[in-house]
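Chemist: here is my input, please return the structure:
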Amino acid sequence: MDIATTSPTERRKLALAAVKELGPNRTEKAALKVRCPAGHTIAAVYPTSEGPVVVSKSGPGGRGNRDRESTGHHGDKLNSEFVDTLEATQFEDDDIPSGCACGPKGLSRTKLQAAFAAQEHVVNLT
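Modeler: Next comes the predicted model:
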């Protein structure tokens, strides 16, 4: 995929399709995981057919295995995911939306690219 000529909407569609190709056990295939100070995994980077793809949780999520799933008034899930290629054009924001039970977090696309290139396995936010 040529990032410079692909629209952000199309790029995210291709990234989502590439992540779905990883199957139901995709968490085992993560090359890089991002954790908040409390240890919640809030994002992961996966090597895919479209290149590195970042998947971040953009909702508050639950605090444990006995919590109820967050559901909006119209039946839509509040704990949704943001999926995009790790690479983007120079005209896009560096911030990647994410969050966990602790609250919203800001992720830097540039820092994730550097961590992925350095083959780090875990990035702990401070």
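
Chemist: now the phi/psi pair for Glu92, please.
Modeler: Here is the backbone geometry of Glu92 (degrees, to the nearest 10): phi -100, psi 160.

Chemist: start at 698 instead
Modeler: Sure, I'll start numbering at 698, so the last one becomes Glu789.

Chemist: show the contacting residues for it.
Modeler: By CB atoms under 8 Å, 6 or more residues apart in numbering, the residues touching Glu789 are Pro705. Quick note: C-beta positions are derived from backbone N, CA and C, even for glycine.

Chemist: for the residue lying closest to Ala701 once chain neighbours are set aside, report the pLDDT, please.
Modeler: Leaving aside its sequence neighbours, Ala701 sits nearest to Thr786 (CB to CB, 6 or more residues apart in numbering; 6.0 Å). For Thr786, the model assigns a pLDDT of 83.

Chemist: starting at the chain centroid, how far to the longest helix seen in the chain?
Modeler: The residue-count maximum for a helix in the chain (DSSP state H) belongs to helix 705-717. Relative to the centre of its chain, helix 705-717 is centred 12 Å away, using CA atoms, centre = their mean, to the nearest Å.
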